[in-house]
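Asks: Okay, predicted coordinates and the sequence, questions at the end:
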Amino acid sequence: MTSSVRLTGIESPVPTGLFVGGEWRAASSGATFDVLDPADGSLLAQVADGTTDDVTAAVDAAAAALPGFAATPPRQRSEMLRRAFQIMTDRADEFARLMSLENGKALPDAKAELTYAAEFFRWFAEEAVRIDGDYRVAPAGGTRTVVTHQPVGVCLLVTPWNFPAAMLTRKLGPAIAAGCTSVVKPAEDTPLTALLLAQVLTEAGVPDGVVNVVPTMDAKEVVATAMADPRLRKISFTGSTEVGKVLLKQAADQVLVSSMELGGNAPFVVCADADLDAAVDGAMLAKMRNGGEACTAANRFYVQAPVAEAFAGKLAERMAAMTTGRGTDEGVTLGPLVNEETVAKVDRIVTDTVGAGARVLTGGTRPQGPGFFYPPTVLVDVPVGAPALTEETFGPVAPITTFDTDEQALALANATPFGLVAYVFTGDLARGLRLAEALESGMVGINRGVVSDPAAPFGGVKQSGLGREGGHEGIGEYLTTKYVSFPL
Ligand code: ADP
């Protein structure tokens, strides 16, 4: 099947089929599912609804392609990724528009994502030719040990809707660089970007069967089927901690190599000695990048008492000045949230937090009308234990509380089962480093509202996940270590 959809403002047709073994096909059931425009809930496209048979066919294709691809010279794999980076960059506007259409995010956010996403291909193009090994002499002499790294094998990559391109290139980049083959299960709200990416990778010379994409509305069964397939060797998942735990249990049955990027509950700590305007700039980024729909989003603000009122006032002013509307409209800085479930959750968290005693400085009420919009919201006097502090809101809501001492700030910040990222603003770098070392998180931004960087090892501690994506560490997740021992 060669089905595709033409979308306003996008020059070439966007594929809507399954991509298996280098071919576009319909689902084995013939079924499709609807992808909606979050700005008004209207139909954007109908995409093939993959079945358990389809995902098995995708594993067949990936398994068949594996030996040949694993043996491809690293330079060739590197050049495929470099070409894919270039194509994405050349078609940046098209990708950004597509992501804005299916996810709802404002165009500036979509453009930033596209740059970030493409950069994973460039970074891993550079890593593909740096896979190392070593030659060791046994302590007692005689025996030699040659250590080498080989591709893990067939990978299942399950991605979320919040960064439809970047969450996939962050996995596909190292998978391709390492010589692995993959089956991709994109999120049901945003499958189009993954399908367009598959087309780009084909154009870039990635052989048939190396990347297969199976969108589905039946994530549970389709993913479980692939996880139970004895040819699968790895799962890489980005999504909720709840689903991550389910997948880790499934992974145990086959002892799959597992990488998990799960939920966050990022604290944003502002010390009284911080440059307050820089802290507000950082807060706008950490909170509002992608409309708050990021696992790295600042979820809880802890501000030292002497500057709390001033910080809250400045942040509320900046938040209230944002322009909300359809993501693709000129000048819009905050699009709709992705779907009804997400906006209903944000609404519930704000209502319950206000019910618990918080005060609204701006926003706080879901607007009437079509689409999944929620206004930028700042809450102050938020009591400990309120839902806005304990749940991952995934929306444009900034709950602010105060602290007096650094010990208090640390106790509050660390009182969560999650540990993805934390942000600290202070005028004293040593104080910032002391806090950074004591914060229980995989990443810390000091005087910065963004930590995501393809050249850095992204990942969490505690229930935020296992493994790292990006940096030198990223490719290691797709390699196994083997040694060969021999006497000399
Ligand atoms: P979010 O809360 O961001 O939607 P989810 O964890 O629900 O995160 O979804 C992330 C990805 O996991 C999506 O691709 C989704 O389809 C998939 N998914 C959801 N539930 C399951 C499940 N039970 N088994 C396997 N994959 C799932």
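Replies: Arrived safely, thanks for sending.
Asks: Quick one: residues contacting residue 144.
Replies: Counting by C-beta atoms under 8 Å, 6 or more residues apart in numbering, residue 144 touches 135, 136, 137, 138, 485, 486, 487, 488. (Each C-beta comes from the backbone N, C-alpha and C, glycine too.)
Asks: tell me the domain boundaries of the chain?
Replies: Domain assignment of the chain by the TED database yields the ranges 4-262+465-487, 266-446.
Asks: now the shortest one, how far from the centre of its chain.
Replies: Its chain's C-alpha centre and that of domain 266-446 lie 19 Å apart, by C-alpha atoms, centre = their mean, to the nearest Å.
Asks: please renumber so the chain begins at 500
Replies: Sounds good: first residue 500 from here, last item domain 765-945.
Asks: any bit of it sitting next to the ligand?
Replies: No. Using C-beta under 6 Å from any ligand atom, domain 765-945 stays clear of the ligand, coming no nearer than 7.4 Å.
Asks: and the end-to-end length of that domain?
Replies: 13 Å (C-alpha to C-alpha, to the nearest Å).
Asks: Stretch 965-981 too?
Replies: So stretch 965-981: terminal residues 22 Å apart, C-alpha to C-alpha.
Asks: buried set for that stretch?
Replies: 965, 966, 967, 968, 969, 970, 973, 974, 975, 976, 977, 978 (16 or more other C-beta atoms under 10 Å).
Asks: any chance of those in CSV, plus distance to the ligand, pLDDT and secondary structure?
Replies: Formatted as CSV, the buried residues of stretch 965-981 follow (distance: C-beta to the nearest ligand atom, whole Å; pLDDT from 0 to 100; DSSP: H, G, I helix; E, B strand; the rest coil):
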residue, distance to the ligand, pLDDT, secondary structure
965, 15, 98, strand
966, 16, 98, coil
967, 19, 98, coil
968, 15, 98, strand
969, 19, 98, coil
970, 23, 97, coil
973, 20, 98, helix
974, 23, 98, helix
975, 23, 98, helix
976, 18, 98, coil
977, 19, 98, coil
978, 24, 98, strand
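Asks: End to end on stretch 850-868, go ahead and measure it.
Replies: First residue to last in stretch 850-868 (C-alpha to C-alpha) measures 19 Å.
Asks: So which residues lie in contact with that stretch, not counting its own?
Replies: So stretch 850-868 is contacted by 811-812, 815, 818-819, 842, 845-846, 849, 872-882, 884-888, 895-896, 898 (C-beta under 8 Å, 6+ apart).
Asks: Give the PyMOL command for selecting the buried subset of these.
Replies: Selection of buried members from the contacts of stretch 850-868 for PyMOL, criterion 16+ other C-beta under 10 Å:
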select buried, resi 811+815+818+842+845+846+849+872+873+874+875+876+877+878+879+880+881+885+886+887+888+895+896+898
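Asks: Looking at the domains of the chain, spot the one closest to residue 954.
Replies: domain 503-761+964-986 (5.9 Å; C-beta to C-beta).
Asks: excluding its backbone neighbours, what's nearest the residue of the chain at minimum distance from the ligand?
Replies: Per C-beta to the nearest ligand atom, residue 738 is where the chain lies closest to the ligand, at 2.7 Å. Once flanking residues are discounted, residue 738 sits nearest to residue 659: 4.7 Å by C-beta to C-beta, 6 or more residues apart in numbering.
Asks: Identify the residues contacting the one you found.
Replies: Residue 659 makes contact with 666, 686, 737, 738 under the criterion C-beta under 8 Å, 6+ apart.
Asks: circling back to that earlier point, among the contacts of residue 643, which ones are in strands?
Replies: 634, 635, 636, 984, 985, 986 (DSSP state E).
Asks: For those residues, could you give me JSON lines that also reports neighbour count, pLDDT and distance to the ligand?
Replies: Below are the ones in strands among the contacts of residue 643 laid out as JSON lines (neighbours: other C-beta atoms under 10 Å; pLDDT from 0 to 100; distance: C-beta to the nearest ligand atom, whole Å):
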{"residue": "634", "neighbour count": "10", "pLDDT": "97", "distance to the ligand": "42"}
{"residue": "635", "neighbour count": "12", "pLDDT": "96", "distance to the ligand": "41"}
{"residue": "636", "neighbour count": "11", "pLDDT": "96", "distance to the ligand": "47"}
{"residue": "984", "neighbour count": "11", "pLDDT": "97", "distance to the ligand": "40"}
{"residue": "985", "neighbour count": "9", "pLDDT": "96", "distance to the ligand": "44"}
{"residue": "986", "neighbour count": "7", "pLDDT": "96", "distance to the ligand": "48"}
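Asks: Tell me the secondary structure at residue 508.
Replies: State at residue 508, reduced to three classes by DSSP: H, G, I helix; E, B strand; the rest coil: coil.
Asks: After the helix or strand containing residue 907, which helix or strand is next?
Replies: Applying DSSP states H and E as the criterion places residue 907 in helix 905-913. Sequence order places strand 917-918 as the next helix or strand after helix 905-913, per DSSP H and E.
Asks: Alright, calling it a day.
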